[in-house]
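> coords please:
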Amino acid sequence: PYANHNCLTDSAWFFPVLSSVSQTANLNFVFKYVGQEQHAGTNTQHIQLYQPSTQSLRQLQHLTTTDFYLDSTSYLPVAVAFSTHPDDDLNTDIAIEIRFDGYQSVSGIQMPFHFQRVLNDGVVLDFTVTNAVFNTGLPDSLFSLQ
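Residues are numbered from 1 along each chain as shown. Prediction:
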């Protein structure tokens, strides 16, 4: 079991391209440019994303807010920050930040080879990728256009 109010931020934190950033055309999301700032020692462009609150869920904006920090030069993600909450208290914020570092080109795709998951300012996951490949093992014949 998982509290519904903790299902309102991205589940694809490990790969920002699959995240809510892809919702730019969705009118239910608001993208707010916060500005340039230092984040984790890096010059970043700070973008905030949320869904506006509704009458049925007044806390929707608060529960869906996600902050994206993009490197000011490459525009690659440096960090994604959001809050989770105790199952029985959606008003208590528990800060989560995912940090991306060590980008390398793999088949022409820039991929972070170092990830950290930070919970309340403490690193709870420190992961280094040693090898990555894209689009291998699945022939085009497995897919058909419909």
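> Could you pull out the buried residues of the helix-or-strand element of the chain with minimal mean pLDDT?
Least confident helix or strand of the chain, by mean pLDDT, DSSP states H and E, is helix 60-64 with a mean of 87. By neighbour count with 16 or more other Cβ atoms under 10 Å, helix 60-64 contains the buried residues 60, 62-64. Yep, even glycine has a C-beta here, placed from its N, CA and C like the rest.
> Distance from the helix or strand following that helix to the middle of the chain?
Per DSSP states H and E, helix 60-64 leads on to strand 66-71 as the next helix or strand towards the C-terminus. Between the centre of strand 66-71 and the centre of its chain there are 8 Å (Cα atoms, centre = their mean, to the nearest Å).
> Stretch 120-132 now?
That offset, for stretch 120-132, works out to 15 Å (Cα atoms, centre = their mean).
> List the contacts of the least confident helix or strand of the chain.
With Cβ atoms under 8 Å, 6 or more residues apart in numbering as the test, helix 60-64 has contacts from 5, 8-9, 49-54, 57, 83, 85, 90.
> for this protein, which strand is longest?
strand 94-106 (DSSP state E).
> tally of neighbours for residue 111?
If you count neighbours by other Cβ atoms under 10 Å, residue 111 ends up with 17.
> To which secondary structure element type does the nearest residue to it once chain neighbours are set aside belong?
Leaving aside its sequence neighbours, residue 111 sits nearest to residue 132 (Cβ to Cβ, 6 or more residues apart in numbering; 5.8 Å). Three-state assignment for residue 132 (DSSP: H, G, I helix; E, B strand; the rest coil): coil.
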